[in-house]
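[1] Mind looking at a prediction? Sequence and model below.
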Amino acid sequence: MIKNKPIYILGIESSCDDTSAAVICNGKILSNVVANQEIHAKYGGVVPELASRAHQQNIVPVIHQAIHQANIDKKDLNAIAFTRGPGLMGSLLVGTSFAKSLSLALDIPLIAVNHMQGHVLAHFIDDETQQKPPFPFLCLTISGGHTQIVKITDYFTMEVIGETLDDAVGEAFDKSAKILGLPYPGGPLIDKHAKLGNPKAFKFSKPKVDGFNYSFSGLKTAILYFIQKKVKEDPNFINENLNDICASIQHTIVEILFNKLKKAAKETGIKHIAIAGGVSANSEIRKELKSFEKKFGWTTYIPKFEFTTDNAAMIAIVGYLKYLENDFTTKNNTATARLKVNEN
Ligand code: KG4
Ligand code: ZN
């Protein structure tokens, strides 16, 4: 039997506040190292200037560790894939510059990756616990910066059919958490407290938005006013009701997300439904989506936890898919803060 020649790609991700490097071999992840930046917790959100400094500190050890864990030598690498955008400019520049220098030093090709395509295409990582979606499928891409329903007809043919008109869903989680006095990023903490609370304890009105689009800024304001009013009546309100508040906020957000996703599935007739992005780590979202298999005859695709929040494995898989198509970039390519999912 002729064996496929191993193709090793190094993926580098530095678009926001996680420095990550991964090595992929023919679609299988050999290492996926992520350094989280704890510095932002005390500021209640990502401070761009501090993020780029922390990337500078982390990038060399993270890449070194990824190559070491993959048990290869850097000379074995066939190409380097890096996140070109979207993201914070100062953060992107660290990964982009490092990728260029390393590709120059090793004399191997460079591959530019769209971070949003990375979240979606993480579903194509070879992993026995993960089923790959067939085309066409819909992907609800939910993160700290994005909330989109994307129709994917091929690896690199993606169309946004619905998206948020204001805040991203991750922001809705994080800003709600901040109102409750929880540290950044608050999404995972709301999820944790919600597990112990009653999702019907408090009611928040849902936005009315056309088509498959979303809006989360009204919800954030509604939560702020609700909490201010309750705390005025009882200064211990948050402490005494934290689990119920979190469960009610989370439940409202999940209903908003799925109302539009159900509508999109119905109107497009597509029943292969995936989720991606940091917020897809949410336990209620994962559970609820699974329940739609029986309810609506959907086949659902839920990424492994380590491929939900920002990671370089998702950049490496896009790098591998582009490598197979000889889709390389030049050393003149620049990072870009704004990049749509269908752009490269
Ligand atoms: O994809 P990601 O790591 O970064 C961006 O590209 O934005 O997403 C980060 C977002 C944050 O808003 C974080 O609070 C949210 O994902 N998040 C969650 C959970 N885990 C991460 N939100 C709700 N429940 C979770 N379990
Ligand atoms: Zn992301």
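    Yep, it's here. Ligands and ions are numbered 1, 2, ... in the order given.

[2] quick one, longest helix in the chain?
    helix 237-268 (DSSP state H).

[3] buried residues in it?
    Buried residues in helix 237-268, defined by neighbour count with 16 or more other CB atoms under 10 Å: 237-238, 241-254, 256-258, 260-261, 264-265. (Each C-beta comes from the backbone N, C-alpha and C, glycine too.)

[4] for stretch 112-131, same thing?
    Of the residues in stretch 112-131, those scored as buried under the neighbour-count criterion (16+ other CB under 10 Å) are 112-125, 127, 130.

[5] now swap in stretch 163-176 and tell me
    Of the residues in stretch 163-176, those buried by neighbour count under the rule 16+ other CB under 10 Å are Glu163, Thr164, Asp167, Ala168, Val169, Gly170, Glu171, Ala172, Phe173, Asp174, Lys175, Ser176.

[6] Tell me if it is near ligand 2.
    No. Figure legend: stretch 163-176 not in contact with ligand 2 (CB under 5 Å from the ion); closest approach 8.6 Å.

[7] what's that stretch in contact with?
    Contact with stretch 163-176 is made by 45, 142-149, 184-187, 190, 209, 213-217, 219-220, 223, 249-250, 253, 257, 277-279, 282, as judged by CB atoms under 8 Å, 6 or more residues apart in numbering.

[8] Output it as PDB, restricted to C-alpha atoms.
    Listed in PDB are the C-alpha atoms of stretch 163-176, where the atom choice follows Å, rounded to 0.1, in the frame of the first residue of the first chain:
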ATOM      1  CA  GLU A 163     -25.500  38.200  11.600                       C
ATOM      2  CA  THR A 164     -25.700  40.500  14.500                       C
ATOM      3  CA  LEU A 165     -26.500  44.100  13.900                       C
ATOM      4  CA  ASP A 166     -24.700  45.300  17.100                       C
ATOM      5  CA  ASP A 167     -23.100  43.300  19.900                       C
ATOM      6  CA  ALA A 168     -21.800  39.800  19.400                       C
ATOM      7  CA  VAL A 169     -23.300  37.000  21.600                       C
ATOM      8  CA  GLY A 170     -20.000  36.600  23.400                       C
ATOM      9  CA  GLU A 171     -20.100  40.300  24.400                       C
ATOM     10  CA  ALA A 172     -23.700  39.700  25.600                       C
ATOM     11  CA  PHE A 173     -22.400  37.000  27.900                       C
ATOM     12  CA  ASP A 174     -19.300  38.900  29.000                       C
ATOM     13  CA  LYS A 175     -21.100  42.300  29.600                       C
ATOM     14  CA  SER A 176     -23.900  40.600  31.500                       C
END
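
[9] and that stretch, how far out from the chain's middle?
    Put simply, stretch 163-176 sits 13 Å off its chain's centre (CA atoms, centre = their mean, to the nearest Å).

[10] which non-adjacent residue is nearest Ile67?
    Lys74 (5.5 Å; CB to CB, 6 or more residues apart in numbering).

[11] show me what contacts that neighbour?
    Residues counted as contacts of Lys74 (CB under 8 Å, 6+ apart) are Leu10, Ile67, Leu102, Leu106.

[12] tell me the contacts of the second one?
    This means Ile67. By CB under 8 Å, 6+ apart, the contact list for Ile67 reads Leu10, Ala21, Val23, Ser31, Asp73, Lys74, Leu77.

[13] try the third one
    Residues in contact with Leu102, defined by CB under 8 Å, 6+ apart, are Leu10, Ile63, Lys74, Ile80.

[14] And what about the first one, helix, strand or coil?
    Think Leu10. Secondary structure of Leu10, reduced to three states by DSSP: H, G, I helix; E, B strand; the rest coil: strand.

[15] just checking, it touches Asp76?
    No. The pair Leu10 and Asp76 fails to qualify as a contact (CB atoms under 8 Å) at a distance of 9.9 Å.

[16] In terms of neighbours, single out the busier of these two.
    Leu10 (32 against 15; other CB atoms under 10 Å).

[17] picking that back up, now the buried residues of stretch 163-176 as a markdown table including pLDDT?
    Formatted as a markdown table, those follow (pLDDT from 0 to 100):
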| residue | pLDDT |
| --- | --- |
| Glu163 | 97 |
| Thr164 | 98 |
| Asp167 | 97 |
| Ala168 | 97 |
| Val169 | 98 |
| Gly170 | 97 |
| Glu171 | 96 |
| Ala172 | 97 |
| Phe173 | 98 |
| Asp174 | 96 |
| Lys175 | 96 |
| Ser176 | 97 |
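
[18] Of those, just say which sits nearest to ligand 2.
    Taking CB to the ion as the measure, ligand 2 sits nearest to Gly170 out of these, at 8.6 Å.

[19] Double-check that the closest one belongs to a strand.
    No. The assignment for Gly170 by three-state DSSP gives helix, which leaves it out of any strand.

[20] Need the nearest residue in space to it, chain neighbours excluded.
    On the basis of CB to CB, 6+ apart, the spatially nearest residue to Gly170 that is not a chain neighbour turns out to be Gly144, at 3.5 Å.

[21] List the residues that contact the residue nearest the centre of the chain.
    In the chain, the C-alpha closest to the average C-alpha coordinate belongs to Gly277, at a distance of 2.4 Å (CA atoms, centre = their mean). Taking CB under 8 Å, 6+ apart as the contact definition, Gly277 lies against His119, Thr141, Ile142, Ser143, His146, Gly170, Thr308.

[22] contacts for stretch 218-231?
    Contacts of stretch 218-231 from elsewhere in the structure, counted by CB under 8 Å, 6+ apart, are 167, 171-172, 175-176, 179-180, 202, 204-207, 237-238, 245, 249, 252-253, 256.
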